[in-house]
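Undergrad: compute the structure for the input listed below.
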Amino acid sequence: MPQLKENNVLVDVRDLAVYFHIEQGIVKAVDGVNFKIEKGKSLGVVGESGCGKTITALSLLLLHPQPEGQIEKGNIFFYPDGENRIDIAKLGIHSKQIRKRRGNDIAMIFQEPMMSLNPVHSIGQQIMESIRLHQKVNKRRAKEIAVEALRRVRISAPEQRMNEYPFQLSGGMRQRVMIAIALSCNPKLLIADEPTTALDVTIEAEILNLIKDLQRELGMALMMITHDLGVIGEVTDDVVVMYVGKIVEKANTRKLFEEPLHPYTKALFKSRPEIRTEGRLSSIKGSVPNPYLLPEGCSFEPRCDVAMDICKKKAPELFNLDGHYVSCWKYNEKEAL
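TA: Numbers count the residues shown, from 1 in each chain. Modelled structure (predicted):
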């Protein structure tokens, strides 16, 4: 990806490591991750379940499970005004600074809205609570903003929906409500964690189009977490591919789709179902390794068809191939020899 001017960068994550200290040992859920998100642009984070995508996203708001999960090292630089920067990684989880950023500057949509919405409070109450928490407005003004937020996400009869409860809404409608809550304070960055997982294909397309349209209208940045490469291709400008807590490939989305380099990325593409697919679908052999028993070298080596001897012994760095980054010895054969 091209070098970004510092004043265009909204989030700059450098060498981030989030480890979980549990009875069985240490799990390196996120291990030395680097990426940037530019203002108004979108970044996709893709990989199988258990690869560290969600923990990476949660750490931007210090919402990763604690006290087991700790940021061991690295920086999460956030530029709220384009000039001054805040290192979120160095803030306390209950500090005034991080409370000010959550929801206000950085908002998040979670996978399952039914688990996020309170079943005993009306939709209107929940949106208004978020608004009044971050904005100094009275109840009447909060209600006006809430109704407008519902209208913005294309919910018909928003005044009526304000009085309804989550169980009265469809899955797609509940996800629209979650988006309305997330956008009610006009955040600079929206993090969407598998926002269409529980939805059927038609509703999924509607939600993705809605997110794209709102991003463009509001000029906000977007971080899309998903295991679905189709979603990445539809929504994002840039993409990082994660495997066992590390980034194994990073590029412009179009470039990655035209020429995936890492064996893991190629395997993800091959395993995608297509209309023309005949016979059995291709799958990636094996499974994500046990986080307590990671291979000494490249974590993908046990599942890789093109592994070399060095892959068993030494983990590769991210090699820069004209703005397309890949963590594979195949692309640095000089060091591999």
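Undergrad: tell me where the chain has helices.
TA: Ranges of helices in the chain, per DSSP state H, are 53-59, 96-101, 113-116, 123-134, 139-152, 158-161, 171-183, 201-218, 229-235, 253-258, 263-270, 309-313, 333-336.
Undergrad: lowest mean pLDDT across those, which one is that?
TA: For these, mean pLDDT drops lowest on helix 333-336, to a mean of 54.
Undergrad: redo the helices of the chain as CSV? Include distance to Phe78.
TA: Using the backbone N, CA and C atoms, a C-beta is placed for each residue, glycine as well. Shown next, in CSV, are the helices of the chain (distance: least, CB to CB, whole Å):
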stretch, distance to Phe78
helix 53-59, 12
helix 96-101, 7
helix 113-116, 23
helix 123-134, 16
helix 139-152, 24
helix 158-161, 32
helix 171-183, 17
helix 201-218, 18
helix 229-235, 22
helix 253-258, 23
helix 263-270, 28
helix 309-313, 36
helix 333-336, 35
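Undergrad: reformat these as CSV; add mean neighbour count and distance to Val46.
TA: Output for the helices of the chain, formatted as CSV (neighbours: other CB atoms under 10 Å; distance: least, CB to CB, whole Å):
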stretch, mean neighbour count, distance to Val46
helix 53-59, 23, 7
helix 96-101, 15, 25
helix 113-116, 16, 22
helix 123-134, 20, 29
helix 139-152, 17, 28
helix 158-161, 17, 33
helix 171-183, 23, 20
helix 201-218, 16, 15
helix 229-235, 19, 5
helix 253-258, 17, 9
helix 263-270, 19, 7
helix 309-313, 15, 22
helix 333-336, 10, 26
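Undergrad: and of those helices, who's closest to Gly44?
TA: The minimum distance between Gly44 and the helices of the chain falls on helix 229-235, with 3.9 Å, by CB to CB.
Undergrad: just the CA trace of the closest one, in PDB.
TA: The C-alpha coordinates for helix 229-235 follow below in PDB (Å, rounded to 0.1, in the frame of the first residue of the first chain):
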ATOM      1  CA  LEU A 229     -13.600 -12.500   0.900                       C
ATOM      2  CA  GLY A 230     -16.700 -11.600  -1.100                       C
ATOM      3  CA  VAL A 231     -17.600  -9.000   1.500                       C
ATOM      4  CA  ILE A 232     -14.000  -7.700   1.400                       C
ATOM      5  CA  GLY A 233     -14.200  -7.300  -2.300                       C
ATOM      6  CA  GLU A 234     -17.500  -5.400  -2.100                       C
ATOM      7  CA  VAL A 235     -16.700  -2.900   0.600                       C
END
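Undergrad: gap between Gly103 and Ile284?
TA: Distance from Gly103 to Ile284, counting by CB to CB, to the nearest Å: 37 Å.
Undergrad: likewise for Gly171?
TA: Gly171 sits 29 Å away from Ile284, going by CB to CB.
Undergrad: next one: Gly172
TA: 30 Å.
Undergrad: then Arg154?
TA: Taking CB to CB, one finds Arg154 at 37 Å from Ile284.
Undergrad: pull the number of nearby residues for the residue nearest to Lys312 when sequence neighbours are not counted.
TA: Nearest non-adjacent residue to Lys312, counting by CB to CB, 6 or more residues apart in numbering: Gly297, 4.8 Å away. Gly297 has 19 neighbours, counted by other CB atoms under 10 Å.
Undergrad: Gly297 and Met308 touch, don't they?
TA: No - with contacts counted by CB atoms under 8 Å, Gly297 stays clear of Met308, the gap being 9.8 Å.
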